[in-house]
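Trainee: prediction below, plus the sequence it came from.
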Amino acid sequence: MVKIVQEKGGKVLRLKAAPVPVKDIATKRVQKIISSMKKALASQDDGVAIAAPQIGVSERIIVISGKVKAIIAGENELTTNYADEVFINPVITRSSREKGEMEEGCLSVRWLYGKVKRSAKVEVEGYNEFGKKVKKGASGLMAQVFQHEIDHLEGILFTDKANDVHEWIPESKGVRAELKRNAKN
């Protein structure tokens, strides 16, 4: 099982991640990183996305769980099976002036949560896991996820930006209701 790096002792979380050469995307090495990221993310009941530094790899790769699409669509993320999305060398090319404050947590900063002000809408460009250039517009929860994960690639944790940071350890360690509430904001 792939371990998720924690803030305490996780120096890789504070590094600016290196770009992945496009010619390397199809290599076994990069594909193994992506596979490891997907496994680590799937192992976390409340995980919605992960950045490569969170598994100890300082490269510009993020994976967004298909659960995010289900949550946004108001569907049951446990029974709806959307594919995970991979973004390599993601860059926010546009962001709205309109901002919103939403609760965030992080798989690398267990079990802290806080409110972070982020752009309500973003546009992201990068490459998918097959080396194809992709461009995606996002709002609400998806915009928040992109900004949070791209911050990871810059060595920034949500706690660097958060207000009202507090600890919350859910009884079942499942935070589905919280995610659904945030998806509506």
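Mentor: Yes, it's here. Residues are numbered from 1 along each chain as shown.

Trainee: from here on, just use CA atoms for contacts and neighbour counts.
Mentor: Fine.

Trainee: report whether residue 39 is found in a strand, as I expect.
Mentor: No. Membership of residue 39 in a strand is not supported by DSSP: H, G, I helix; E, B strand; the rest coil, which gives helix.

Trainee: so the residue of the chain positioned farthest from its centre versus residue 115, what's the distance?
Mentor: Residue distances from the centre of the chain (Cα atoms, centre = their mean) peak at residue 23, which lies 23.9 Å from the mean C-alpha position. Distance, residue 23 to residue 115, by Cα to Cα, to the nearest Å: 38 Å.

Trainee: residue 100 versus the residue farthest from the centre of the chain, what's the distance?
Mentor: According to Cα to Cα, residue 23 and residue 100 sit 37 Å apart.

Trainee: same check on residue 39?
Mentor: 31 Å.

Trainee: same question, residue 93
Mentor: 19 Å.

Trainee: quick one, phi/psi of residue 127?
Mentor: phi -130, psi 150 (degrees, to the nearest 10).

Trainee: so who does the residue nearest to it when sequence neighbours are not counted touch?
Mentor: Once flanking residues are discounted, residue 127 sits nearest to residue 133: 4.4 Å by Cα to Cα, 6 or more residues apart in numbering. Residues in contact with residue 133 (Cα atoms under 8 Å, 6 or more residues apart in numbering) are 125-127.

Trainee: nearest to residue 29, of those?
Mentor: Within these, proximity to residue 29 (Cα to Cα) peaks at residue 127, which comes in at 16.2 Å.

Trainee: helices of this structure, start to end?
Mentor: Secondary structure of the chain (DSSP state H): helices at 28-42, 66-73, 140-153, 176-184.

Trainee: which of those helices sits closest to residue 51?
Mentor: That would be helix 140-153 among the helices of the chain, by Cα to Cα, at 5.8 Å.

Trainee: in the closest one, what's buried?
Mentor: Buried residues in helix 140-153, defined by neighbour count with 16 or more other Cα atoms under 10 Å: 140-150, 152-153.

Trainee: which of those residues lies closest to residue 45?
Mentor: residue 145 (16.2 Å).
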